[in-house]
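**Student:** Give me a model of this one.
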Amino acid sequence: MRLLLDTHTLIWAAEGRVGADARAALEETADAVFVSAATIWEIEIKRALGRLRAPDDVVGLVDESGFERLAIDFEHAREAGRLPLLHGDPFDRMLIAQARLEGMTLATGDETIRRYDVPVLAVART
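**Tutor:** As a prediction, the model looks like this:
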C-alpha cells in the first residue's frame, strides 16, 4: 500500500498523535508514505493566517521521517479541477486527485473525502 498523508495526518504523525491503526500503517504496512507539495503549501498558508500550528520546518520533518515528496503536475491539476464539487477545500481536492491518479490510499480523518472514489485510510487523533 502506498499512502498519501493529508495535512492533519502529517501534523498528528509528527506529534505522535495518530491512532494505533494509522500508526501501524505508517510504520509497518505501507510500502511508501508520501506528502504532497499541496500539504506543505496549505500548512504555510494557514500558519501565515494564524489558523494552524505546525512544526517550524515541515519540509525537514518530511525528509527526516523518510516520507517521500510528491510534486503537483499538470495531470493532478486537471483531475482536481474536474472532481465533483463534493468538497470545497482546494488542498483536499488536490490530494484526492493525486491519490486517484497515483494509485495511493489517502490517510485522512476527513469524512467528506470518503464521498469520492478514492481509497481512504481512516485516521483518528489520539
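
**Student:** And the lowest-mean-pLDDT helix or strand in the chain, what's buried?
**Tutor:** Among the helical and strand segments of the chain, the one scoring lowest on mean pLDDT, DSSP states H and E is helix 20-24, with a mean of 90. Within helix 20-24, the residues that qualify as buried by neighbour count (16 or more other C-beta atoms under 10 Å) are A22, R23. (Glycine included, C-beta is placed from N, CA and C.)

**Student:** Helix or strand next in line after that helix, which one?
**Tutor:** Elements were assigned by DSSP states H and E; along the chain past helix 20-24, the next helix or strand is strand 32-36.

**Student:** Which positions in that next one come out as buried?
**Tutor:** Under the neighbour-count criterion of 16+ other C-beta under 10 Å, strand 32-36 has V33, F34, V35, S36 buried.

**Student:** next one: stretch 59-79
**Tutor:** Along stretch 59-79, these residues count as buried under the neighbour rule (16+ other C-beta under 10 Å): L61, V62, F67, L70, H76, E79.

**Student:** Return the member of these nearest to T29.
**Tutor:** Sorting the buried residues of stretch 59-79 by distance to T29 puts F67 at the head of the list, at 14.6 Å, by C-beta to C-beta.

**Student:** Contacts only, for the closest one.
**Tutor:** Listed by C-beta atoms under 8 Å, 6 or more residues apart in numbering, the contact partners of F67 are L5, L10, V33, F34, V35.
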